[in-house]
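S.K.: below are the sequence and a predicted model; questions follow.
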Protein chains: 2
Amino acid sequence: MTESSKPERHKKRMERHKEIVDSKIAQATTERGVVVVHTGNGKGKSTAGFGMAARALGHGMQVGIVQFIKGSFSTGEEAFFRRFPEVSYHVMGQGYTWDTQDLEKDLATAAKGWAQAKAFLEDEKVDLVVLDELNIALKYNYIAMQDVLDALANRPAMQHVVITGRGARDELIAAADTVSEHKEIKHAFHAGVIAQKGVEL
Amino acid sequence: MTESSKPERHKKRMERHKEIVDSKIAQATTERGVVVVHTGNGKGKSTAGFGMAARALGHGMQVGIVQFIKGSFSTGEEAFFRRFPEVSYHVMGQGYTWDTQDLEKDLATAAKGWAQAKAFLEDEKVDLVVLDELNIALKYNYIAMQDVLDALANRPAMQHVVITGRGARDELIAAADTVSEHKEIKHAFHAGVIAQKGVEL
């Protein structure tokens, strides 16, 4: 029995891998708008949403963004994306719910945010809709789940939607095409590192 | 005993929440460059890395990007980020390893990518370094883990680094400040949806 060399073994293993990947790609033939959900307690949910916006802009697509929670965070994205005429950017929240401490005000803000989101979800000129932190508004029942499910179901066939925020509800996960749960393994914040420009801000 | 109203209960609950959040924020006072790792099998790792680049650009920061694996994917980001003079964008890979099926070629490509990454990690003018899919190169031992750990440890004090790719090695997780594991809950691909512009491309 001849022992095959390392490069040969590598080539064989990679050939098998390529066959599997190619066969999966061959099976995926549908083109349609997808709903992507980024949830979990780890870093990178909003950032992934904004990364999708950047990717879409790379293709000259029109992007609608609603930020449901305006934090002290993420001023970087806002400054950045407002530069682009292809982006319609709306910040609806007035700070985290534990900052406002006012249920009526939070409800009114959420309703206004949802009205803008719904307008995007009915507009076929909008190729990608980013609903940042919508999950938080759904978790607190500030926005009715059924309204969101209906708007997603009735949106333009080719429109993509990305929804972010921890605690995504089961109904939304069921309705989504792609769901990624971001688990926090560790976070600099717990080691005493403040939120910084380019990382969290 | 008086039953407090819903808005009052909400206010009390949110006040307690705010106290906890504020006290955590008060404890986080260090400003320094951080290493962020996005790993796991779920969607949004590279996208989160590119989202951080967008955020950094919002603050006028200089960004160095090395893509260690050039796929058929992510042409959107490349087209987008190449527009910005603040971004130095390098695509080093020549396709997935199972596409090239050539170990020597992959090793040479990885070495070239790492040389560029190292140059960024030694340059204090670069505020954010994005090392996209570096984890794959480390997993296949195309790049020596110790070289990466040394370069991270010796980089400029305020420089941020984001490293993406599934299968992050334990040594890298130990060295990182923030680690998020993206778990795939579901993916449109498995339902026969092809990779599309603005989503994966």
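M.R.: That came through, no problem.
S.K.: so what strands line up beside the longest strand seen in chain A?
M.R.: In terms of residue count, the longest strand belonging to chain A (DSSP state E) is strand A:178-186. Here strand A:178-186 has these sheet partners by DSSP bridges: strand A:35-39 (parallel), strand B:178-186 (antiparallel).
S.K.: chain center to the longest one, what's the gap?
M.R.: When you say that, I think you mean strand B:178-186. 12 Å (C-alpha atoms, centre = their mean, to the nearest Å).
S.K.: likewise for the shortest one?
M.R.: Between the mean C-alpha location of strand A:35-39 and the chain-wide mean there is a distance of 5 Å, by C-alpha atoms, centre = their mean.
S.K.: now the element after it, going C-ward?
M.R.: Once the chain leaves strand A:35-39, the next helix or strand it forms, by DSSP states H and E, is helix A:45-58.
S.K.: what packs against that following helix?
M.R.: Applying 3 or more C-beta pairs under 8 Å, 6 or more residues apart in numbering or on different chains; DSSP states H and E, we find helix A:45-58 packed against strand A:35-39, strand A:63-67, helix A:75-81, strand A:128-132, strand A:160-164, strand A:178-186, helix B:45-58, helix B:75-81. All C-beta spots, glycine's among them, are computed from the backbone N, C-alpha and C.
S.K.: before we move on, back to that, between the longest strand of chain A and helix A:45-58, how many degrees?
M.R.: Calculated by axes from the mean of the first three to the mean of the last three C-alpha atoms, to 10 degrees, strand A:178-186 forms an angle of 130 degrees with helix A:45-58.
S.K.: can you give me the buried ones in strand A:178-186?
M.R.: Buried residues in strand A:178-186, counted by 16 or more other C-beta atoms under 10 Å in any protein chain shown: A:178-186.
S.K.: do stretch A:77-89 as well
M.R.: Neighbour-count burial for stretch A:77-89 flags A:77-78, A:80-81, A:87-89 (criterion: 16+ other C-beta under 10 Å).
S.K.: C-terminal to the helix or strand of chain A with the lowest mean pLDDT, what's the next element?
M.R.: Lowest by mean pLDDT, DSSP states H and E among the helices and strands of chain A is helix A:97-100, with a mean of 63. Counting by DSSP H and E, the element after helix A:97-100 in chain order, helix or strand, is helix A:103-121.
S.K.: now do that next one and strand A:128-132, the angle between them.
M.R.: Using the same axes, to 10 degrees: helix A:103-121 against strand A:128-132 is 170 degrees.
S.K.: what about helix A:103-121, near chain B?
M.R.: Yes. Contact of helix A:103-121 with chain B (C-beta under 8 Å from any C-beta of the partner chain) involves A:103-104.
S.K.: pLDDT averaged over that helix, what's the number?
M.R.: Taken as a whole, helix A:103-121 has a mean pLDDT of 91.
S.K.: dump it to PDB, restricted to CA.
M.R.: In PDB, the C-alpha atoms belonging to helix A:103-121 read as follows (Å, rounded to 0.1, in the frame of the first residue of the first chain):
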ATOM      1  CA  LEU A 103     -44.500  53.800  28.700                       C
ATOM      2  CA  GLU A 104     -46.800  56.100  26.800                       C
ATOM      3  CA  LYS A 105     -43.900  57.900  25.200                       C
ATOM      4  CA  ASP A 106     -42.300  54.600  24.200                       C
ATOM      5  CA  LEU A 107     -45.500  53.300  22.700                       C
ATOM      6  CA  ALA A 108     -45.900  56.500  20.600                       C
ATOM      7  CA  THR A 109     -42.300  56.300  19.400                       C
ATOM      8  CA  ALA A 110     -42.600  52.700  18.500                       C
ATOM      9  CA  ALA A 111     -45.800  53.300  16.600                       C
ATOM     10  CA  LYS A 112     -44.100  56.100  14.600                       C
ATOM     11  CA  GLY A 113     -41.200  53.800  13.900                       C
ATOM     12  CA  TRP A 114     -43.500  51.000  12.700                       C
ATOM     13  CA  ALA A 115     -45.400  53.400  10.400                       C
ATOM     14  CA  GLN A 116     -42.100  54.200   8.600                       C
ATOM     15  CA  ALA A 117     -41.100  50.600   8.500                       C
ATOM     16  CA  LYS A 118     -44.500  49.600   7.000                       C
ATOM     17  CA  ALA A 119     -44.100  52.300   4.300                       C
ATOM     18  CA  PHE A 120     -40.700  50.800   3.300                       C
ATOM     19  CA  LEU A 121     -42.300  47.300   3.300                       C
END
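S.K.: tell me which residues of that helix come out buried.
M.R.: Neighbour count says helix A:103-121 has A:103, A:106-107, A:109-110, A:113-114, A:116-121 buried, by 16+ other C-beta under 10 Å.
S.K.: dump those into TSV; add distance to A:Glu19 as well.
M.R.: Below are the buried residues of helix A:103-121 laid out as TSV (distance: C-beta to C-beta, whole Å):
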residue	distance to A:Glu19
A:Leu103	57
A:Asp106	53
A:Leu107	54
A:Thr109	52
A:Ala110	49
A:Gly113	47
A:Trp114	47
A:Gln116	47
A:Ala117	43
A:Lys118	45
A:Ala119	46
A:Phe120	41
A:Leu121	40
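S.K.: with respect to chain B, which of those is nearest?
M.R.: Checking the buried residues of helix A:103-121 against chain B by C-beta to the nearest C-beta gives A:Leu103 as the nearest, at 4.3 Å.
S.K.: list the buried residues in the helix ranked longest in chain A.
M.R.: With residue count as the measure and DSSP state H as the assignment, chain A has helix A:6-27 as its longest helix. If you call a residue buried by 16+ other C-beta under 10 Å, then helix A:6-27 has these buried ones: A:10-11, A:14, A:18.
S.K.: those: which ones sit near chain B?
M.R.: Restricting these to those near chain B - C-beta under 8 Å from any C-beta - leaves A:10-11, A:14, A:18.
S.K.: lowest average confidence across the strands paired with strand A:178-186, which one?
M.R.: Among those, strand B:178-186 carries the lowest mean pLDDT, a mean of 91.
S.K.: alpha carbons only: can I get it in PDB?
M.R.: Once non-C-alpha atoms are left out, strand B:178-186 reads as follows in PDB (Å, rounded to 0.1, in the frame of the first residue of the first chain):
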ATOM      1  CA  THR B 178     -14.900  40.500  22.700                       C
ATOM      2  CA  VAL B 179     -16.000  37.200  21.100                       C
ATOM      3  CA  SER B 180     -19.400  36.600  19.500                       C
ATOM      4  CA  GLU B 181     -20.400  33.100  18.300                       C
ATOM      5  CA  HIS B 182     -23.000  33.300  15.500                       C
ATOM      6  CA  LYS B 183     -25.100  30.200  15.600                       C
ATOM      7  CA  GLU B 184     -27.100  29.200  12.600                       C
ATOM      8  CA  ILE B 185     -30.800  28.700  13.600                       C
ATOM      9  CA  LYS B 186     -31.900  28.500  10.000                       C
END
